[in-house]
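# the following comprises the amino acid sequence and a computationally predicted model.
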Amino acid sequence: DTEVTQTPKHLVMGMTNKKSLKCEQHMGHRAMYWYKQKAKKPPELMFVYSYEKLSINESVPSRFSPECPNSSLLNLHLHALQPEDSALYLCASSQGQQGAAGNTIYFGEGSWLTVV
Amino acid sequence: AQSVAQPEDQVNVAEGNPLTVKCTYSVSGNPYLFWYVQYPNRGLQFLLKYITGDNLVKGSYGFEAEFNKSQTSFHLKKPSALVSDSALYFCAVRGGNTGGFKTIFGAGTRLFVKA
């Protein structure tokens, strides 16, 4: 069962709000990812956690703050976002060995974020 | 620099006809190649991948892809298209000096299958 669950599916927030996106997987994967996707564009990598430690931060603005409480959960905390941050945010996971480029990344259905 | 090219923004095909979605890549070292499909308002679904071995890879929903090292291509194919195959398709590559975690995605190809 390859399932990555994301909540909420839709989120509308003001520019002064604080909100969080949540992601959960029970495949025993040790690498988890956040991607941002604009309409009809490919996903853009934001963060990678490997064994609950932040492995990659693709120079993402600090208004996005990731957190990995345990091997199954991944959060993305949002604060003081801008309208241009409106997008589909995708969580993903894979088996976590560093350098195992052949491992498949499995994506969740995404959280649609609208910043007003 | 590592890159993936999907030369066609859109592919149109009649239901029942064979379909091909093209992908070429540039990567140092051994490439690990993937195809994903995205239906409207959904996440990306994994279709198939090439790691090593047989150049013809079979995947989900009757799709297959052929790895061609000399042409650095990994085209997605299906012998008989269905209307339900209409979606956005992404080719992706990992490997070389990106390490295990960075995936390079192509720009995507929108497939329209007409009944």
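Structure's in. What do you need? Numbers count the residues shown, from 1 in each chain, chains lettered A, B, ... in the order given.
# just give me the neighbour total for whatever residue of chain A ends up closest to chain B.
Using C-beta to the nearest C-beta, the closest approach of chain A to chain B is made by A:Pro42 at 3.6 Å. C-beta: built from backbone N, CA, C; applies to glycine. When neighbours are counted by other C-beta atoms under 10 Å in any protein chain shown, A:Pro42 registers 22.
# then B:Pro40?
B:Pro40 - counted by other C-beta under 10 Å - has 7 other residues nearby.
# name all residues that make contact with residue 107.
Went with chain A since none was named. A:Val4, A:Tyr35, A:Pro43, A:Leu90, A:Cys91, A:Ala92, B:Tyr36, B:Gly43, B:Leu44, B:Gln45, B:Phe46 (C-beta atoms under 8 Å, 6 or more residues apart in numbering or on different chains).
# could you do chain B instead?
By C-beta under 8 Å, 6+ apart, the neighbours of B:Ala107 are A:Lys41, A:Pro42, B:Ala5, B:Gln6, B:Asp9.
# quickly check these for the two that are furthest apart.
Pairwise distances across the contacts of B:Ala107 (C-beta to C-beta) peak at 15.0 Å, for the pair A:Lys41 and B:Ala5.
# ok, the residue of chain A closest to chain B to A:Ile56 distance?
Relative to A:Ile56, A:Pro42 is positioned 17 Å away (C-beta to C-beta, to the nearest Å).
# go on, B:Ser26?
21 Å.
# what of B:Gly108?
22 Å.
# that older thread, wait, the residue of chain A closest to chain B sits on B:Tyr89?
No - using C-beta atoms under 8 Å, A:Pro42 makes no contact with B:Tyr89, being 10.8 Å away.
# any common contacting residues for those two?
Common neighbours of A:Pro42 and B:Tyr89 are listed as B:Gly108 (criterion: C-beta under 8 Å, 6+ apart).
# now B:Arg110. Nearest residue, chain neighbours left out?
Using C-beta to C-beta, 6 or more residues apart in numbering or on different chains and skipping the chain neighbours, the partner closest in space to B:Arg110 is B:Gln10 (4.7 Å).
# contacting residues around that neighbour?
B:Thr109, B:Arg110, B:Leu111, B:Phe112.
# checking my notes, the second one in a strand, right?
Yes - the secondary structure assignment for B:Arg110 places it in a strand, going by DSSP: H, G, I helix; E, B strand; the rest coil.
# isn't it up against B:Leu88?
Yes - counting by C-beta under 8 Å, B:Leu88 is a contact partner of B:Arg110 at 5.4 Å.
# the more surrounded of the two?
B:Leu88 (19 against 16).
# beta partners of that one?
Counting by DSSP bridges, B:Leu88 is bridged to B:Gln38, B:Arg110.
# run the chain-centre distance for stretch A:33-50.
7 Å (C-alpha atoms, centre = their mean, to the nearest Å).
# what lies in contact with it?
Applying C-beta under 8 Å, 6+ apart, the contact partners of stretch A:33-50 are A:23, A:30-32, A:54-58, A:60, A:64, A:66, A:68, A:74, A:76, A:87-94, A:96, A:98, A:105, A:107, A:110, B:44, B:88, B:90, B:101-103, B:105-108, B:110.
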